[in-house]
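# Let's see this in three dimensions:
(chains A and B)
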Amino acid sequence: GDSVTQMEGPVTLSEEAFLTINCTYTATGYPSLFWYVQYPGEGLQLLLKATKADDKGSNKGFEATYRKETTSFHLEKGSVQVSDSAVYFCALSGPFGNEKLTFGTGTRLTIIP
Amino acid sequence: DVKVTQSSRYLVKRTGEKVFLECVQDMDHENMFWYRQDPGLGLRLIYFSYDVKMKEKGDIPEGYSVSREKKERFSLILESASTNQTSMYLCASIPGTSGSPSYEQYFGPGTRLTVT
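Predicted coordinates:
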């Protein structure tokens, strides 16, 4: 079945550091790929998405590119802020985008001033 | 503004009790989902529904059932709560296949259930 493997945390970085959180997936067909974020005390919300190979999703300075050849969707940000401290989840769904989500285990990110 | 609400933020129940977790969305979405979130395991799908009266098992349905009598409401039922069902439960919804594709699932705030 489908699965998502993401970098284990926790990850602690200083403000303005470069961030990469690795994510690889296994799926049949052509999945849609997502990064969801959970800020402290809040529910999950969509951070960015990519629906086909070579698509780049971006939002709030975060980016991730759908790489079919390496089955990866790594999350990057050039300069993190304290407000980026949260838990990040990589996920995939079917190609239509409205199907069930398969999640990775989550990566807790803490940014220190 | 889209909204998914869950009946309780925190719930404490005893082993063997029947537990109802309610989820309501106001976006007229066809598809609804129940996940549980555990540290180190991420979110795992319990049950989902693509229409009223319709339900499908997810990856970990054992010990749970669901009910979808109205489009906006999707209930998760723990028939006989056990301590290994202590977890955070998240409900989500998304439009169905009609119209333009929609890729964002909207999540409720979660219910943290403790079974003692």
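# measure whichever residue of chain A sits closest to chain B to B:Pro95 for me?
Residue of chain A nearest chain B, by C-beta to the nearest C-beta: A:Gly97 (3.7 Å). (Glycine included, C-beta is placed from N, CA and C.) Separation of A:Gly97 from B:Pro95 (C-beta to C-beta, to the nearest Å): 10 Å.
# again, but for B:Gly108
In this view, B:Gly108 and B:Pro95 are 16 Å apart by C-beta to C-beta.
# So those two - more neighbours on which side?
More neighbours surround B:Gly108 than the other of B:Gly108 and B:Pro95, with 24 against 19 (other C-beta atoms under 10 Å in any protein chain shown).
# Which pLDDT value belongs to that one?
Here, the pLDDT recorded for B:Gly108 equals 95.
# next one: B:Val2
pLDDT recorded at B:Val2 is 68.
# cool, A:Arg108 as well?
As predicted, A:Arg108 sits at a pLDDT of 96.
# Name whatever forms a beta bridge with it.
A:Val87 (DSSP bridges).
# Just give the nearest non-adjacent residue to A:Tyr39, would you?
Excluding the flanking residues, the one nearest A:Tyr39 by C-beta to C-beta, 6 or more residues apart in numbering or on different chains is A:Ala86, at 4.7 Å.
# hmm, I was thinking of B:Ile46
Nearest-residue entry for B:Ile46: B:Trp34, 4.5 Å, with adjacent residues in sequence omitted and distances by C-beta to C-beta, 6+ apart.
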